[in-house]
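Asker: Fold the following.
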Amino acid sequence: MWHRRFPAGSERSERGSPAQSATPTSGRRHGIAARGLRARGFSGLAGLAILAAGCHADNRQSMLHPGGSAAAEIAWLTWFLIAVCGGVFVAVMALTAAAVWRRSETADAGESAESAADSESRKPPPASPVSPLGAGFIIVAGAVIPALILTVILVLSVKAQVALAPPESDITIRVVGHQFWWEVEYPETGIVTANELIIPAGEPVRLELSAADVIHSLWAPNLNGKTDLLPDKVNIAWLESDSPGVYRAQCAEYCGVQHALMALRIVALPRDEYDAWSETSQASDPEPATEPQRRGRDVYFRTGCHNCHAIAHTAATGRRGPDLTHFGSRLTIAAGVVPNTPENLREWIANPQGMKPGNLMPHTELTRDELDALVDYLMSLD
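Answerer: Numbering: from 1, shown residues only. Here you go, the predicted model:
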């Protein structure tokens, strides 16, 4: 039988050459790589937007706005690391994109050459070098430059560590972390307060930090870095505010259900105002000035508040809860949960678990008149 003979390789050409079948695949590879780069870029922008959203308008709890020499040292090093890491990230992404683009073009060129060549002399394209810049580029970019960057970072980190060492100070303050509040004591004067730290502006203050129950961590980002508070050890830290102002510190170690609502207000005063505050805080509180305040004092002792909350120069000596001496002059209630107003105080006493679930203050049954008298008495303690 007569058979039609085809030239060698013609049947394969009719069915489609490898170049014809592979070209769409290489295009898809290039498109997927480009989409991946775009997705990473969008993810980076979204991450920056989330970080920017965490910057509060009043800047009272922001390491981006240092208020003291220690925080300024930390902020400078942070920005330097961000700049270096950002530059490395951009360089790596640029090299990755160039490698993807070059690989796609090399594959397309090799497949086109294969389809044009005769089937008998068809050979794979010559292997391309690992880097068009040679092995020297790999050594410099992969070893020398990273070593230099890490060396610079090490030197600057050691320099910052030396700068953050506690300086000499005439004022020592003891801070004890509780679930979920801060006890503050000035041992030189005997002043005990809670959830507020009063310091003189322009002077370093030495802090002795410990915990009464679990591990806590004190972080005042405008003034210094984090320091842990441990139940069985006293850690030393220090704060310094360049100018008068109010800052917000926060417990930075998870310590229980109300960890997020454990704030400490730091008030920096001019030296003369600080001295006046210290002298006033040591003075004896006068007797309640009005009849409602006297009834409120009676309610305070009759309902057992004094068993947990101390008030200086009175029979109230409890230490399980915050000290209430000069309570009326404080800025907030319940370790920064709400501003210190009579309305908020009334709500806090009537339903402490509703305002701060999981705290250790029990519910107290009071009539409306008793509650009003107690609030009046506590707000008079200024």
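Asker: okay, stretch 278-294 in PDB with CA atoms only?
Answerer: Extracted in PDB, the C-alpha atoms of stretch 278-294 (Å, rounded to 0.1, in the frame of the first residue of the first chain):
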ATOM      1  CA  SER A 278       5.200  66.800  98.200                       C
ATOM      2  CA  GLU A 279       4.700  69.100 101.100                       C
ATOM      3  CA  THR A 280       0.900  69.200 100.700                       C
ATOM      4  CA  SER A 281       0.800  65.400 100.400                       C
ATOM      5  CA  GLN A 282       2.500  64.900 103.700                       C
ATOM      6  CA  ALA A 283       0.100  67.200 105.600                       C
ATOM      7  CA  SER A 284      -2.800  65.800 107.600                       C
ATOM      8  CA  ASP A 285      -6.200  65.900 105.900                       C
ATOM      9  CA  PRO A 286      -8.700  68.100 107.800                       C
ATOM     10  CA  GLU A 287     -11.900  66.700 109.100                       C
ATOM     11  CA  PRO A 288     -14.800  66.500 106.600                       C
ATOM     12  CA  ALA A 289     -16.100  70.000 106.100                       C
ATOM     13  CA  THR A 290     -19.700  69.300 105.500                       C
ATOM     14  CA  GLU A 291     -22.400  67.000 107.000                       C
ATOM     15  CA  PRO A 292     -22.700  64.900 103.800                       C
ATOM     16  CA  GLN A 293     -18.900  64.400 103.800                       C
ATOM     17  CA  ARG A 294     -19.100  63.300 107.500                       C
END
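Asker: ok, for residue 169, nearest residue in space, not its chain neighbours?
Answerer: Leaving aside its chain neighbours, residue 169 sits nearest to residue 206 (4.2 Å; criterion: Cβ to Cβ, 6 or more residues apart in numbering). Where C-beta positions appear, they are placed from N, C-alpha and C, glycine not excepted.
Asker: quick one, what contacts that neighbour?
Answerer: 166, 169, 171, 172, 173, 236, 237, 238 (Cβ atoms under 8 Å, 6 or more residues apart in numbering).
Asker: Just say helix, strand or coil for residue 366.
Answerer: What DSSP: H, G, I helix; E, B strand; the rest coil gives for residue 366 is coil.
Asker: I'd say it and residue 375 touch.
Answerer: No - Residue 366 is not in contact with residue 375 according to Cβ atoms under 8 Å; the separation is 9.9 Å.
Asker: pLDDT at residue 52, what is it?
Answerer: Note for residue 52: predicted pLDDT of 59.
Asker: partners of residue 174 in the sheet?
Answerer: Note on residue 174: beta-bridge partners by DSSP bridges are residue 185, residue 208.
Asker: measure it to residue 98 for me?
Answerer: Distance from residue 174 to residue 98, counting by Cβ to Cβ, to the nearest Å: 59 Å.
Asker: higher neighbour count, these two?
Answerer: Between residue 174 and residue 98, counted using other Cβ atoms under 10 Å, the more crowded position is residue 174 (16 against 11).
Asker: residues contacting residue 167?
Answerer: 204, 238.
Asker: how about 10 Å then?
Answerer: Going by Cβ atoms under 10 Å, 6 or more residues apart in numbering, residue 167 touches 69, 70, 203, 204, 205, 206, 238, 240.
Asker: Under a three-state scheme, what state does it occupy?
Answerer: Classification of residue 167 by three-state DSSP places it in coil.
Asker: Now the residue nearest to residue 169. Its backbone dihedrals?
Answerer: Here is the backbone geometry of residue 206 (degrees, to the nearest 10): phi -90, psi 130.
Asker: How much space separates residue 341 from residue 171?
Answerer: Between residue 341 and residue 171 the distance is 31 Å, computed by Cβ to Cβ.
Asker: looking only at pLDDT, what's the mean for whichever helix or strand residue 136 is part of?
Answerer: Counting by DSSP states H and E, the element that carries residue 136 is helix 135-139. Taken as a whole, helix 135-139 has an average pLDDT of 81.
Asker: could you say what helices and strands that helix packs with?
Answerer: Helix 135-139 sits against no helix or strand, with contacts defined as 3 or more Cβ pairs under 10 Å, 6 or more residues apart in numbering; DSSP states H and E.
Asker: Pull the contacting residues for the closest residue to residue 378 other than its chain neighbours.
Answerer: Spatial nearest neighbour of residue 378, chain neighbours left out: residue 327 (5.3 Å); criterion: Cβ to Cβ, 6+ apart. Residues in contact with residue 327, defined by Cβ under 10 Å, 6+ apart, are 193-194, 309, 311, 333, 340, 345, 377-382.
Asker: Can you list which of these are found in strands?
Answerer: Within the contacts of residue 327, membership in strands is found for 193, 194, 333, as judged by DSSP state E.
Asker: Count the residues that sit near the last one.
Answerer: As a burial measure, residue 333 scores 22 neighbours (other Cβ under 10 Å).
Asker: per-residue confidence at it?
Answerer: Taking residue 333 on its own, its pLDDT is 94.
Asker: any idea how far it lies from residue 179?
Answerer: Distance of residue 333 to residue 179, given as Cβ to Cβ: 17 Å.
Asker: again with the second one
Answerer: The span separating residue 194 from residue 179 equals 13 Å under the rule Cβ to Cβ.
Asker: Which one's more surrounded, those two?
Answerer: Per other Cβ under 10 Å, whichever of residue 194 and residue 179 has more neighbours is residue 194, with 22 against 19.
Asker: Could you pull up the residues touching the more buried one?
Answerer: Counting by Cβ under 10 Å, 6+ apart, residue 194 touches 176, 178, 181-185, 264, 309-310, 321-325, 327, 330, 335.
Asker: From those, list the buried ones, please.
Answerer: 176, 178, 181-185, 264, 309-310, 321-325, 327, 330, 335 (16 or more other Cβ atoms under 10 Å).
Asker: mind listing which of these are in strands?
Answerer: Judged by DSSP E, the buried ones among the contacts of residue 194 include 176, 178, 181, 182, 183, 184, 185, 264 as members of strands.
Asker: Residue 246: which of those residues is nearest?
Answerer: Using Cβ to Cβ, residue 264 comes nearest to residue 246 of those, at 11.3 Å.
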